[in-house]
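*Asks:* My questions concern the predicted model and sequence given below.
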Amino acid sequence: MARRPSAARTLPSDTPEGKPARNLGPLRMVWAMAGRYPRQILYAATALLTSSLATMAIPMRARMIVDHGFGAGASTAEINRAFQGLLVIIVVLGLATAVRFYWVSWLGERVVADLREAVQRNLLRLPPSFFEANSPKEISSRMTSDTSQIEVVVGTTVSIALRNLITGMIGTGYLFYLSPGLTLQLVIAIPLIIAPIVWFGRRLSKASRISQDRVADVGALVTEVLGAMRVVQSFNQEAREADRFASSAEAIFAAARRRIRIRAVMTALVMVLVFGSIAVIMWQGSISVATGALSSGTITAFVLTGLLVAGAFGALTEVYGDLLRGAGAASRLNELLNERPLIAAPERPIALPAPPRGQLSFEKVSFRYPSRPDAAAIGEFSLTIEPGETVALVGPSGAGKSTVFQLAQRFYDPQVGTIKLDGVPLVSADPAEVRRRMAIVPQEGVLFAASARDNLRYGNWDASDEAIWEAARAANAEDFLRALPQGLDSFLGENGARLSGGQRQRIAIARALLRQAPILLLDEATSALDAESERLVQDALDRLMASRTTLVIAHRLATVRQADRIVVMDGGRIVEEGTHQRLVAAGGLYARLASLQFDEQRLTAL
Ligand SMILES: Nc1ncnc2c1ncn2[C@@H]1O[C@H](COP(=O)(O)OP(=O)(O)OP(=O)(O)O)[C@@H](O)[C@H]1O
C-alpha cells in the first residue's frame, strides 16, 4: 500500500513543539481534570496553608526567643517553653510539607495519567489518514514531554505559586506589623534586589539550554559517525571526522564558558545584593535597637521574614513562565483530544444480518480523498463479490487498489455510490460491526512487542490455546512457533524483530484465521521471499481463502491463477475482468502487467 499525504488535516501549530502559549487559557482543561478530585485538592490545600503558616511562625518564635531567651537571668522554664514551641512548629512544618508534597504530586500524576488515557483513547478512534498527516513521533512527544509539562504545572508550579503568595502576603503584613518604617524601605528595595537576579537568571537558563543543545549535537554526531564507521574508514575520512568532532566539542566548551561567566557574575550579584541588604537592615535595625525603638528580637524576626518574603516574590516571578509553558503543552494536547473522526456510527445503526453471508458490493462508487479533491482515486467502481468468492485486484501502482480496501473497511465514505455488506449500506451500519466481519492481512505482517500468543489472538482474545495452535498449523506457523524457547509465551520483540519476513506473514495469516471473519482483505506482500518460504506462505493463504469471501490485492501468479475472478484496475476504474487465461489471451492491460510482473517464462509455460 502506498503511503501518501492523508485526507486528515495536519494539526495546527500555533504552539509549536515545546513552545509556551501566549496566555493561560489552554490550562482550563487541566483545571477541569484536576477538579474531578475535590477531596485530594482539599487535603493538598489544607496542608499547603498549614505549612505556609508554620513557615511564618518561625520568625515569630525567633523574635520571642531572642527577646526573652537570651537575656541574662531569664528563667529556664521560659527558655524551655519558647524552644518547645519552636520544635512543635518545626514538626508541624515538616509534616505539613510532606503531606502537601504527597497530595500535590499525587494530583499532578493523576491528572497526567487521566490526560494520557483520554488522548490515547481519542487517538485510537482517528482514521489512518490522521496518522499519515501527523507523524507518530510528534504525537508521541506530545504524549510524553507535553504531559510531563502539565505534571510540573499541577504537581509543582501551582503549589509554588500558592505557597509563595501566602508566604509573601502574610510575611509582608507581619513586616509592617514589626516595623512600618523598615518595611517601606524594604518594599522599595525588594524589586531592586530581585530584578537583576531574575534578569541574570533568565540569561543563565537560556545559556544552559544552548549548552544542552550543543551536547545533543555532539551526541548525534557520535551516533552518526560510529554508525557509518566502515564508510568513514573506507573513504579515509578519519581526519575530517576528527575535525568535525573537535569543532562540535569546542562549541560545547564555548557555550559552557558563556554559561559559567553568567553564573559567576550572578553569584557575586546575589551575594552582594542579598547579604548587603541584610547588612543594611541590620545596620538600620541596630540603630533602632540602640535608640530603644525596636527590640533585638524584632530585628531578628524582621530579617528572617524579609528573607522569606524576598524568596517568595522571587519564586513567583518564575511561576508565570512555567504556567505559560504548561499552557503551551495543554494547547497541543487539546488538539489531540479534540480531533474528531469523520466516520461515526449512525444514531440508529442497522444491524448486519446474522449469520453473516459474506457478500461485499460496490455500486457505482466514486471517491476523492479529501486532501486531493481534484483527483478521483476511484471512479464508477461497481463490483460484487459473492459469498465464498475470491476476487483478485490487479493494476499498476496508483490504480486505486488500496483505496478499495480503505473504503471496504469504511475508513472513508465515498462521495458517490454505495458500498454494501450483506446488503446493508456501510453508512447505515456501525463501523465497528463492519470491521468485526473482516479480517485483514496487510502487506507487512505487523506484530506487537508482545508474546506470540497475544500476537496471534489479537483479533479474537477469547481464542483458546487449542484454537491458536490449529490456526498456527493451518498457517504453516506451527513448526517455528513450537521451536521458540517458551512456545506461545515467547516474546516476539519490537515488531517481531526476532522473526523472518515469511514467518511474520504467516503469523499475520494465523491471526486472520483466528478472527473467524467472513470477509478477508488480503494485501499480498511484494517483498521477495525465498522459494521455500513463498511456498509455505502461499499454502497458508490458500487455506485462509478457502472458506471466505476474499478480496486480494494480488502480486503473485499463484494467487491470480486461483482467483475466481481477476479485476484489473487502472486510474481508479475497472478496465478488464475475467480469469487469468482469458485475460492473458485478450492481450490487454492485464497481459502486459502480467508479463512484467510475473516471471515470463513461467507465464508462457502456462
Ligand atoms: N491518503 C491519501 N490521500 C490522498 N490521495 C491518496 C491517498 N492514498 C492514495 N491516494 C491517491 O489515490 C490514488 C489511488 O491510490 P491507491 O493507494 O489506492 O493505489 P494502489 O493501486 O493501491 O497503488 P499501489 O499498488 O502503489 O499501492 C493514487 O492516485 C494516490 O495518489
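*Replies:* On my side now, so go ahead. Residues are numbered from 1 along each chain as shown.
*Asks:* Using the record's domain definitions, break the chain down for me.
*Replies:* 23-178+321-341, 180-293 (automatic domain parsing).
*Asks:* I'd like the ones you listed as TSV, with distance to residue 357 appended.
*Replies:* For the C-beta atoms, the positions are set from N, CA and C on the backbone; glycine is no exception. As requested, those are arranged in TSV below (distance: least, CB to CB, whole Å):
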stretch	distance to residue 357
domain 23-178+321-341	27
domain 180-293	54
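*Asks:* Make CSV out of these and add distance to the ligand, mean pLDDT and mean neighbour count.
*Replies:* Shown next, in CSV, are those (distance: least, CB to the nearest ligand atom, whole Å; pLDDT from 0 to 100; neighbours: other CB atoms under 10 Å):
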stretch, distance to the ligand, mean pLDDT, mean neighbour count
domain 23-178+321-341, 5, 89, 17
domain 180-293, 31, 89, 14
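*Asks:* So which elements touch the strand or helix carrying residue 261?
*Replies:* Take DSSP states H and E as the rule and residue 261 turns out to sit in helix 238-290. Packing partners of helix 238-290 (3 or more CB pairs under 8 Å, 6 or more residues apart in numbering; DSSP states H and E): helix 180-227, helix 296-338.
*Asks:* Would you mind listing what in the stretch 401-550 of the chain touches the ligand?
*Replies:* 401-403 (CB under 6 Å from any ligand atom).
*Asks:* In helices, which of the residues you listed fall?
*Replies:* 401-403 (DSSP state H).
*Asks:* Could I get those residues in JSON lines, plus columns for pLDDT and neighbour count?
*Replies:* Converted to JSON lines, these look like this (pLDDT from 0 to 100; neighbours: other CB atoms under 10 Å):
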{"residue": "401", "pLDDT": "93", "neighbour count": "24"}
{"residue": "402", "pLDDT": "92", "neighbour count": "19"}
{"residue": "403", "pLDDT": "94", "neighbour count": "25"}
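*Asks:* between those, which is nearest residue 147?
*Replies:* The nearest member of these to residue 147, counting by CB to CB, is residue 402 at 33.9 Å.
*Asks:* Is it correct that the closest one is in contact with residue 521?
*Replies:* No: with contacts counted by CB atoms under 8 Å, residue 402 stays clear of residue 521, the gap being 10.2 Å.
*Asks:* Do you know the pLDDT at residue 4?
*Replies:* According to the prediction, residue 4 has pLDDT 31.
*Asks:* ok, the closest residue in space to residue 64 that isn't next to it in sequence to residue 256 distance?
*Replies:* In space, and not counting its chain neighbours, residue 64 is closest to residue 82: 5.6 Å by CB to CB, 6 or more residues apart in numbering. Distance, residue 82 to residue 256, by CB to CB, to the nearest Å: 49 Å.
*Asks:* before we move on, what about residue 361?
*Replies:* Distance from residue 361 to residue 256, by CB to CB: 69 Å.
*Asks:* before we move on, what about residue 299?
*Replies:* 43 Å.
*Asks:* ditto for residue 374
*Replies:* 54 Å.
*Asks:* repeat for residue 550
*Replies:* Residue 550 is 64 Å from residue 256, where distance means CB to CB.
*Asks:* next one: residue 341
*Replies:* 49 Å.
*Asks:* what does residue 123 give?
*Replies:* 40 Å.
*Asks:* Ok, residue 93 next?
*Replies:* Counting by CB to CB - residue 93 and residue 256 are separated by 38 Å.
*Asks:* Repeat that for residue 218.
*Replies:* Going from residue 218 to residue 256 by CB to CB gives 12 Å.
*Asks:* Equivalent analysis for residue 42, please.
*Replies:* Distance from residue 42 to residue 256, by CB to CB: 46 Å.
*Asks:* that older thread, of all the domains of the chain, which one is nearest residue 410?
*Replies:* With respect to residue 410, and counting by CB to CB, the nearest of the domains of the chain is domain 23-178+321-341 at 9.4 Å.
*Asks:* so how far is the first residue of the closest one from its last?
*Replies:* Terminal residues of domain 23-178+321-341 are spaced 28 Å apart (CA to CA, to the nearest Å).
*Asks:* Off-centre distance for that domain?
*Replies:* 24 Å (CA atoms, centre = their mean, to the nearest Å).
*Asks:* ditto for stretch 432-444
*Replies:* On CA atoms, centre = their mean, the centre of stretch 432-444 falls 26 Å from the chain's centre.
*Asks:* Show me which residues of that stretch are buried.
*Replies:* 433-435, 437-444 (16 or more other CB atoms under 10 Å).
*Asks:* Which ones among the residues you listed map onto helices?
*Replies:* 433-435.
*Asks:* Which one of the ones in helices among the residues of the stretch 401-550 of the chain next to the ligand is nearest to residue 489?
*Replies:* residue 402 (35.0 Å).
*Asks:* on that earlier part again, so which of the ones in helices among the buried residues of stretch 432-444 would you say is closest to residue 573?
*Replies:* Of those, the one sitting nearest to residue 573 (CB to CB) turns out to be residue 434, at 24.5 Å.
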